[in-house]
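Undergrad: Please work out how this folds:
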Amino acid sequence: MSGVPRVYHRFAQVGDARVFYRETGPPDAPVLVLLHGFPSGSHQFRRLLDALGARYRLIAPDYPGFGHTEVPHDFSYSFESLTDVVEGFLDAVGVDRFVLYAFDFGGPVGLRLAGRRPDAIAGLIVQNANAYDEGLSDLARAMIANQPGVDGAEDRVREILVLPVTRDQYEGGTADPALVAPDGWTLDQHFLDQPGRKDAQVALALDYHSNVARYPVWQRWLAEHHPPTLILWGRNDAFFPEPGAHAYRRDLPDAEIHIFDTGHFALEERLPEIAPLIADFVGRTWKKEAA
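TA: Now for the predicted structure:
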């Protein structure tokens, strides 16, 4: 079909990791790096790749412990180690300047990456990726309280790694659950149930408090660098409520904010409204780059 982009599914070797990624778009087009959330993978961007791939180069990797990416059994899971792999991945595929799309876990990974490589960030798209205290719900705070050495913490994390919870992360807060395809949460649970994957997610959950500790660092980075920023937010997110979106304005007064009547995985229900906003933002941002 004319106008439908080809989406390539590849692996890149990054040290001992074999990183799976999806890529589409002209090789010389503006680059959009898509960082996924929990408990998902690059497949969460499948429709966005189709929607924007004719105009832009989109690259979506799976982190270690997610999707099709393969790492040694003794890989040490933390948000620092995820960032190490994503940073090495970008070197492996030859990307040194891009607009960053950060969703959920993509926030702490992406903002760590931005701190390491500020010159790589042409612009920032934030979708339900929190960096402010007021963006944490009571449910999120309870999960973050599960830290190493806390009695029962691991068991409480394992309780959320089951199909009903995975499904609710997709359908919860949506205006019309019929618009959310079951493919996403079904595939997420498939990967969660693979050998060793729940152990990886427990390790990351117990490390999540390290992200909250970095909020002041990331806020300073945003205030100092002022990247062009588009904020997209599902207001009914059970973990990251709407105040987290507006809080970015403290450090990014020119940020563009769009709030949608949906849940955590906003692209699942609201892609027809969101994709044009992303396309316009990337186009304007890259035009300034070329000026």
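Undergrad: So which bits of the longest helix seen in the chain are buried?
TA: Secondary structure of the chain per DSSP state H: the longest helix is helix 266-290. Buried residues in helix 266-290, counted by 16 or more other C-beta atoms under 10 Å: 266-271, 274-275, 278-279, 281-282, 285-286. For every residue, glycine as well, the C-beta is placed using N, CA and C.
Undergrad: Closest one to Asp183 out of those residues, please.
TA: Glu268 (9.7 Å; C-beta to C-beta).
Undergrad: if we can go back for a sec, what's the most distant pair in the buried residues of helix 266-290?
TA: Farthest-apart pair in the buried residues of helix 266-290 is Glu269 and Trp286; separation 27.7 Å (C-beta to C-beta).
Undergrad: just to revisit the earlier point, now for the longest helix of the chain, which elements pack on it?
TA: Contacts defined by 3 or more C-beta pairs under 8 Å, 6 or more residues apart in numbering; DSSP states H and E place helix 266-290 against helix 46-52, strand 98-103, strand 121-127, strand 229-234, strand 256-260.
Undergrad: quick one: the helices in this structure?
TA: Remark: helices assigned in the chain by DSSP H are 46-52, 79-92, 106-116, 138-144, 153-158, 163-171, 183-192, 197-207, 209-213, 215-225, 243-247, 266-290.
Undergrad: and for stretch 243-251, what are the contacting residues?
TA: Residues outside stretch 243-251 that contact it (C-beta atoms under 8 Å, 6 or more residues apart in numbering): 126, 128, 130-132, 134-136, 219-220, 222-223, 229, 231, 233, 255, 257, 259.
Undergrad: 10 Å instead, please
TA: With C-beta atoms under 10 Å, 6 or more residues apart in numbering as the test, stretch 243-251 has contacts from 107, 124, 126-137, 140, 215, 218-226, 229, 231-235, 237, 255, 257-259.
Undergrad: From the chain's centroid, how far away is that stretch?
TA: For stretch 243-251, the separation from the chain centroid amounts to 18 Å (computed by C-alpha atoms, centre = their mean, to the nearest Å).
Undergrad: Could you tell me the end-to-end distance of it?
TA: The first and final residues of stretch 243-251 sit 14 Å from each other (C-alpha to C-alpha, to the nearest Å).
Undergrad: now stretch 50-65
TA: End-to-end distance for stretch 50-65, by C-alpha to C-alpha: 25 Å.
Undergrad: Same question for stretch 247-265.
TA: Terminal residues of stretch 247-265 are spaced 20 Å apart (C-alpha to C-alpha).
Undergrad: Where does pLDDT dip in the stretch 1-150 of the chain?
TA: Low-confidence segments of the stretch 1-150 of the chain, defined by pLDDT under 70: 1-2.
Undergrad: one more time with 90
TA: 1-4 (pLDDT under 90).
Undergrad: Number of residues surrounding the residue nearest to Gly184 when sequence neighbours are not counted?
TA: In space, and not counting its chain neighbours, Gly184 is closest to Tyr170: 5.6 Å by C-beta to C-beta, 6 or more residues apart in numbering. Using other C-beta atoms under 10 Å, Tyr170 has 24 neighbouring residues.
Undergrad: Likewise for Leu52?
TA: 23.
Undergrad: Quick check: it touching Pro26?
TA: No - counting by C-beta atoms under 10 Å, Leu52 does not reach Pro26; the two are 11.5 Å apart.
Undergrad: I'd like to know how far Val180 sits from Glu87.
TA: Per C-beta to C-beta, to the nearest Å, Val180 is found 32 Å from Glu87.
Undergrad: can the buried residues of helix 266-290 go into TSV with extra columns for pLDDT?
TA: As requested, those are exported to TSV (pLDDT from 0 to 100):
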residue	pLDDT
Ala266	98
Leu267	97
Glu268	97
Glu269	97
Arg270	97
Leu271	98
Ile274	98
Ala275	98
Ile278	98
Ala279	98
Phe281	98
Val282	97
Thr285	96
Trp286	91
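Undergrad: okay if I get the residues you listed as a markdown table plus distance to Pro72?
TA: A markdown table is the format used below for the buried residues of helix 266-290 (distance: C-beta to C-beta, whole Å):
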| residue | distance to Pro72 |
| --- | --- |
| Ala266 | 34 |
| Leu267 | 32 |
| Glu268 | 33 |
| Glu269 | 37 |
| Arg270 | 38 |
| Leu271 | 36 |
| Ile274 | 37 |
| Ala275 | 37 |
| Ile278 | 35 |
| Ala279 | 39 |
| Phe281 | 38 |
| Val282 | 36 |
| Thr285 | 37 |
| Trp286 | 38 |
